[in-house]
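Student: Kindly return the folded structure for what I paste below:
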Amino acid sequence: MRLRRGQEPTRRLAHVWNEANCTACGACIIACTATNAPEMMHRKEKGWDSLASNIRRIESQNAQGQPTMMLNQCQHCEDAPCVHTCPFGAVHYTTDGLVDIDERLCIGCSYCVAACPYNVRWMHPETGLPNKCMGSACLELVAANQQPACVQACPANARDFGDLNDPSSSVSQTLRRLPNRVLLETAGTKPKYFIVESSS
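Tutor: Predicted coordinates for the structure are as follows:
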C-alpha cells in the first residue's frame, strides 16, 4: 500500500546481509530471479556480467590483492533520490517503508535508474521498465508474513529481513549485537540495507 504524503510508515522493513557468514554461493541471486523474473533465467544483465537479478554481485580485490565479493541491492532508503526524482509518482514508499515502483504509472524514462547512487536498478529488456528489489513476487511473500526469496534460499543464514521498529525482531537484535555498516552513508539517503561485518 502506498504511503501518503505526511504519513509515517507502520514498519521500517530492512535487509541485513552478513558478509562474514556468506559463502558466495549465489543462491540468493538465483532465487531472486526465479521468483521475480523467471523469464530472465540464463540471461545476463547488460553491464553487470551476471544473471539479471535484483541482487548485484560485485567482485573485486582488497588492498592485499585478495578477492572480495559484495552483494548489493536496493537500499530502501528513507530519503531515496529515486522517489524524489520520479516525475510521475511511480516510485514511492509503501506503508512498510519500502521503496516500490507502480508499473501502471511508470513510462520507462529511467530517471530513477540514473538517480540511484547504488547502481542497483536494471531495465527489463522486454517491458522497458526498471526493475529493483523488491520484486512483485517478493512483496507478495512479505504481505503473507513470509521472508523474501533471497532470505529463504540462503543456506548459510547470511540474510535476514525484518522490522527495525520492532526491538525484538531478528534484524534489530543482530544490528545491536554485531558491528555493521551501510553503503555510502555520507550520501544522506538513510539506507536500510545493512552489512554485518563480523559474526564474532
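Student: switch to C-alpha atoms for all contacts and neighbour counts from now on
Tutor: OK.
Student: wait, N180 sits on F194?
Tutor: Yes - in this structure, N180 is within contact of F194 by Cα atoms under 8 Å, at 6.5 Å.
Student: Other residues contacting the top helix by length along the chain?
Tutor: Counting by DSSP state H, the longest helix found in the chain is helix 27-36. Here helix 27-36 makes contact (Cα atoms under 8 Å, 6 or more residues apart in numbering) with 40-41, 51-56, 135-138, 149-151, 153-155.
Student: Low-confidence regions, this structure specifically.
Tutor: For the chain, the stretches with pLDDT under 70 are 45-49, 198-200.
Student: which stretches of it form strands?
Tutor: For the chain, the strands defined by DSSP state E occupy 13-18, 44-45, 50-51, 55-61, 67-73, 91-93, 99-101, 122-123, 130-131, 159-163, 180-181, 193-196.
Student: quick one on the thing from earlier: now do the buried residues in the longest helix of the chain.
Tutor: For helix 27-36, the buried set under the neighbour-count rule, 16 or more other Cα atoms under 10 Å, comprises A27, C28, I29, I30, A31, C32, T33, A34, T35, N36.
Student: one step back: ranking the strands of the chain by mean neighbour count, which comes first?
Tutor: Here the criterion is mean neighbour count by mean count of other Cα atoms under 10 Å, and of the strands of the chain the winner is strand 99-101, at a mean of 25.
Student: Just the residues contacting that one, thanks.
Tutor: Contacting residues not belonging to strand 99-101 are listed as H76, C77, A80, V83, A90, V91, H92, Y93, T94, M134 [Cα under 8 Å, 6+ apart].
Student: who does that strand pair up with?
Tutor: For strand 99-101, the paired strands and their directions (DSSP bridges) are strand 91-93 (antiparallel).
Student: Please spell out which residue in this structure sits farthest from the middle.
Tutor: Farthest-out residue of the chain from its mean C-alpha position, per Cα atoms, centre = their mean: Q64, at 29.0 Å.
Student: and the longest helix of the chain with strand 67-73, angle?
Tutor: Counting by axes from the mean of the first three to the mean of the last three Cα atoms, to 10 degrees, helix 27-36 lies at 30 degrees to strand 67-73.
Student: Measure how far helix 27-36 is from the centre of its chain, please.
Tutor: 12 Å (Cα atoms, centre = their mean, to the nearest Å).
Student: returning to that earlier point: how about CSV for the strands of the chain, with distance to V171 added?
Tutor: Formatted as CSV, the strands of the chain follow (distance: least, Cα to Cα, whole Å):
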stretch, distance to V171
strand 13-18, 7
strand 44-45, 30
strand 50-51, 28
strand 55-61, 19
strand 67-73, 17
strand 91-93, 20
strand 99-101, 18
strand 122-123, 27
strand 130-131, 25
strand 159-163, 6
strand 180-181, 11
strand 193-196, 9
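Student: All set, thanks.
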